[in-house]
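> sequence plus predicted model, see below.
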Amino acid sequence: MTRSLTARRSPRPSRPAYVLEDQIGFILRQVWQRHATIFTKEIGNNLTPTQWAALAKLTETGPCSQNQLGRLTAMDVATIKGVIDRLTARGLTETSPDPEDGRRLLVSLTRAGQQLAEKAVPNALAITRETLAPLDARERETLVALLSKLR
């Protein structure tokens, strides 16, 4: 009695249910690593992405409480405190009492912080352009819109 060809073949291994390279978190981490490399190249080692975010937001909004700045930059309380402590130690930010609420301190840019932020803006814009360079204009818009929906 002969066995059919299909009966003699060993079964193909099936694709695993979870393939790391297909997972959104893994892809986003790889994209973040690429973006962080571009950030370091353009901004340098003097500022971290979180420090830049705080400087950029303070440039945009003016003085605000540390808590509000944390919310505006998507940083938790401990992270924004550390960021502001380091920026203040470098003379880039300062705190002062809030005239409307004496219990609260306002964080603001120093003159050196303002100058650094202004000088870094062209580099920050270049970071975005280079990060998105593999995409055409329509793809860039779509990516940003889709990622914004996931926030």
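Yes, it's here.
> scan this structure for its longest helix.
What stands out as the longest helix in the chain, according to DSSP state H, is helix 111-132.
> which stretches in this structure count as strands?
64-65, 93-98, 101-109 (DSSP state E).
> one step back: check which residues of the longest helix of the chain are buried.
Going by neighbour count (16 or more other C-beta atoms under 10 Å), the buried part of helix 111-132 is Gly113, Leu116, Ala117, Ala120, Ala124, Ile127, Glu130, Thr131, Leu132. No exception for glycine: its C-beta is placed from N, CA and C like everyone else's.
> and it, what other elements does it pack with?
helix 24-43, helix 49-61 (3 or more C-beta pairs under 8 Å, 6 or more residues apart in numbering; DSSP states H and E).
> rerun that using 6 Å as the cut-off
Applying 3 or more C-beta pairs under 6 Å, 6 or more residues apart in numbering; DSSP states H and E, one finds that helix 111-132 contacts helix 24-43.
> could you figure out how far the helix it packs on is turned away from helix 111-132?
Helix 24-43 and helix 111-132 meet at an angle of 130 degrees, taking axes from the mean of the first three to the mean of the last three C-alpha atoms, to 10 degrees as the criterion.
> which positions within helix 24-43 qualify as buried?
Residues of helix 24-43 classed as buried: His35, Ile38, Phe39, Glu42, Ile43 (neighbour count, 16+ other C-beta under 10 Å).
> could you dump the strands of the chain into CSV and include mean neighbour count and distance to Pro13?
CSV is the format used below for the strands of the chain (neighbours: other C-beta atoms under 10 Å; distance: least, C-beta to C-beta, whole Å):
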stretch, mean neighbour count, distance to Pro13
strand 64-65, 16, 56
strand 93-98, 16, 56
strand 101-109, 15, 56
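> export those as a markdown table, with columns for mean pLDDT and distance to Ser148.
As requested, those are arranged in a markdown table below (pLDDT from 0 to 100; distance: least, C-beta to C-beta, whole Å):
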| stretch | mean pLDDT | distance to Ser148 |
| --- | --- | --- |
| strand 64-65 | 96 | 23 |
| strand 93-98 | 94 | 28 |
| strand 101-109 | 92 | 26 |
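> just put these in CSV and tack on distance to Thr48.
Formatted as CSV, the strands of the chain follow (distance: least, C-beta to C-beta, whole Å):
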stretch, distance to Thr48
strand 64-65, 20
strand 93-98, 14
strand 101-109, 17
